[in-house]
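K.L.:
sequence first, then the predicted structure:
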Amino acid sequence: MRIIKLNNQIKKRFIFLLIIFACFSASIFLISYSLKDQIAYFVEPTDLKNMDGIENKYLRVGGLVKTNSLKFLDGNWVFEVVDQNQNSVNVIFSKTLPNLVEENKGIIVEGKFIDNIFVAEIVLAKHDENYMPQSAIDKLKEEGKWRGN
Amino acid sequence: MFAITPNVLSNFMNSLSRYIILLSLILISVSIFLIIFLENDYYQGISFKIMFIHVPTAWLSLAIFLVMGISSIVGLIFKSPTAFTVARSLSPIGLIMSIIVLVTGSIWGNLTWGAYWVWDARLTSMLILAFIYLGHILLLYSFEHFQKADFAASVLAIIGLVNLPIVKFSVDWWTTLHQESSVLRIGGPSMTNDYLITLLVSFFGIFMLTIFWFSNIFYIIVEKRKIERSKLLND
């Protein structure tokens, strides 16, 4: 008799906790779903095509530095940020670049569009998830499987 | 299941703790040796070696919270003092782990990204995890009776479980400055085997150290309660 009573209590507590947990996670899901544009840290050049009024709006744009586009002209760094769909953004930056900004590597630029040129105030290098020693790359190059630069 | 009192678990862990600390010290020394002689990453140079502390502590800070949350659920449903004590002794370890993750991560971030801190989804959700650990500890010590404290802290731990998938999958759901997972990802690890083995050795070393640390905190809590109980009986 006592065991049945205990089981009922356990069942009650279990259902109670389940309801609390479900309600809380549903609310978190709804909040993060409706704020997903704010939670996203950067937009890609392709996303910019579908956005209105990007002129003079503070934005972060992320992608790869286009090959052969990184140049130092008149005291400014000039380069193109390109994404997988080959859409690109022209960027100008007047301060020192982070050490790990290189061509064909990830980058995030923070600033505004002025006359269709992105004037960056902050530049961050975005590292990808690959970790390799130089010897492994040499081996891949020998086998002809290396796709980087 | 109800036979596992805090005392029984404490004694069981104490009988094993010397082997656990021995294993942990061996694994950590091996991993330090491996880390020193490992070839640098082709792109980041030597700073990538921070990963061998950052990644294991990040995994552990998530895993510890998962165990804390599950034992809080078990504690609330079955009114089990053992489960409550497990959750109580895990939260300081989790807090230290998440602080290590944030500090090592921001050092690496400054070297790699060019910024100590940004408010992207991964970094922010990890900071929230550290704050939940801190809140759990504060709740535990802000009640006079430990039963009430355990109840309040368990509710926080269960609610905090919602944050775990957000921390883990934030890099996949939203665009972030933080890179995607390198080990637990679809298509296998994106690092070479020598890095992966070093990472796993380092992880198991820190994992064993965590278990040793946990068993010590658990032991202290159990012994303190025994002393308090005997004081109450003598009064």
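P.N.:
Arrived safely.
K.L.:
now the helices for chain A?
P.N.:
A:2-34, A:36-39, A:45-49, A:134-143 (DSSP state H).
K.L.:
just the closest residue of chain B to chain A, please.
P.N.:
Nearest to chain A, among the residues of chain B, is residue B:114, at 3.1 Å (Cβ to the nearest Cβ). Every residue, glycine included, has its C-beta placed from N, CA and C.
K.L.:
residue ranges of the helices in chain B, please?
P.N.:
Ranges of helices within chain B are B:6-37, B:51-78, B:81-112, B:121-140, B:146-160, B:163-173, B:193-234, based on DSSP H.
K.L.:
may I see the ones you listed organised as CSV, with distance to residue A:91, mean neighbour count and mean pLDDT added?
P.N.:
Putting the helices of chain B into CSV (distance: least, Cβ to Cβ, whole Å; neighbours: other Cβ atoms under 10 Å in any protein chain shown; pLDDT from 0 to 100) gives the following:
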stretch, distance to residue A:91, mean neighbour count, mean pLDDT
helix B:6-37, 37, 15, 93
helix B:51-78, 29, 21, 95
helix B:81-112, 20, 21, 95
helix B:121-140, 24, 20, 96
helix B:146-160, 40, 19, 93
helix B:163-173, 24, 18, 93
helix B:193-234, 33, 16, 93
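K.L.:
residue A:99 is nearest to which of those?
P.N.:
Residue A:99 sits nearest to helix B:81-112 of all those, at 7.6 Å, using Cβ to Cβ.
K.L.:
the closest one vs helix B:121-140, what angle?
P.N.:
140 degrees (axes from the mean of the first three to the mean of the last three Cα atoms, to 10 degrees).
K.L.:
and helix B:81-112, does that touch chain A?
P.N.:
Yes. Helix B:81-112 comes into contact with chain A (Cβ under 8 Å from any Cβ of the partner chain), by way of B:111-112.
K.L.:
starting at the chain centroid, how far to that helix?
P.N.:
5 Å (Cα atoms, centre = their mean, to the nearest Å).
K.L.:
got the angle between it and helix B:193-234?
P.N.:
Using the same axes, to 10 degrees: helix B:81-112 against helix B:193-234 is 140 degrees.
K.L.:
just list what helix B:81-112 packs against, helices and strands only.
P.N.:
Using 3 or more Cβ pairs under 8 Å, 6 or more residues apart in numbering or on different chains; DSSP states H and E as the contact test, the elements touching helix B:81-112 are helix B:6-37, helix B:51-78, helix B:121-140, helix B:146-160, helix B:193-234.
K.L.:
same list, those helices, but as a markdown table with distance to residue A:141 please.
P.N.:
Shown next, in a markdown table, are those (distance: least, Cβ to Cβ, whole Å):
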| stretch | distance to residue A:141 |
| --- | --- |
| helix B:6-37 | 24 |
| helix B:51-78 | 24 |
| helix B:121-140 | 32 |
| helix B:146-160 | 47 |
| helix B:193-234 | 18 |
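K.L.:
ok, how many other residues are close to the residue of chain A found nearest chain B?
P.N.:
Scanning chain A for proximity to chain B using Cβ to the nearest Cβ identifies residue A:98 as nearest, at 3.1 Å. Residues lying near residue A:98 (other Cβ atoms under 10 Å in any protein chain shown) number 17.
K.L.:
okay, and for chain A, where does confidence drop off?
P.N.:
Confidence mapping of chain A against pLDDT under 70 gives the ranges A:1-6, A:146-149.
K.L.:
would you map out the domains in it?
P.N.:
Structural domains annotated on chain A: A:2-38, A:43-126, as defined by automatic domain parsing.
K.L.:
enumerate the positions of the shortest one that are buried.
P.N.:
To tie it back to what came earlier, the one meant is domain A:2-38. Neighbour counts over domain A:2-38 (16 or more other Cβ atoms under 10 Å in any protein chain shown) mark A:17, A:21, A:25, A:32 as buried.
K.L.:
what about it, near chain B?
P.N.:
Yes. Under the criterion of Cβ under 8 Å from any Cβ, chain B is reached by domain A:2-38 at A:10, A:13-14, A:17, A:20-21, A:24-25, A:28, A:32, A:36.
K.L.:
dump those to a markdown table, plus distance to residue B:120.
P.N.:
Below are those laid out as a markdown table (distance: Cβ to Cβ, whole Å):
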| residue | distance to residue B:120 |
| --- | --- |
| A:10 | 42 |
| A:13 | 38 |
| A:14 | 37 |
| A:17 | 32 |
| A:20 | 29 |
| A:21 | 27 |
| A:24 | 24 |
| A:25 | 22 |
| A:28 | 18 |
| A:32 | 14 |
| A:36 | 13 |
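K.L.:
thought residue B:116 was touching residue B:109?
P.N.:
Yes. Residue B:116 is within contact range of residue B:109, at 6.0 Å (criterion: Cβ atoms under 8 Å).
K.L.:
got any residues that touch both of these two?
P.N.:
The contact sets of residue B:116 and residue B:109 do not overlap (Cβ atoms under 8 Å, 6 or more residues apart in numbering or on different chains).
K.L.:
now the domains of chain A as a markdown table including distance to residue B:68?
P.N.:
Output for the domains of chain A, formatted as a markdown table (distance: least, Cβ to Cβ, whole Å):
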| stretch | distance to residue B:68 |
| --- | --- |
| domain A:2-38 | 15 |
| domain A:43-126 | 33 |
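K.L.:
nearest to residue B:84, of these?
P.N.:
Of all the domains of chain A, domain A:2-38 comes closest under Cβ to Cβ, at 14.0 Å.
K.L.:
how far away is the residue lying closest to residue B:83 once chain neighbours are set aside from residue B:187?
P.N.:
Leaving aside its chain neighbours, residue B:83 sits nearest to residue B:75 (3.6 Å; criterion: Cβ to Cβ, 6 or more residues apart in numbering or on different chains). From residue B:75 across to residue B:187, the span is 39 Å (Cβ to Cβ, to the nearest Å).
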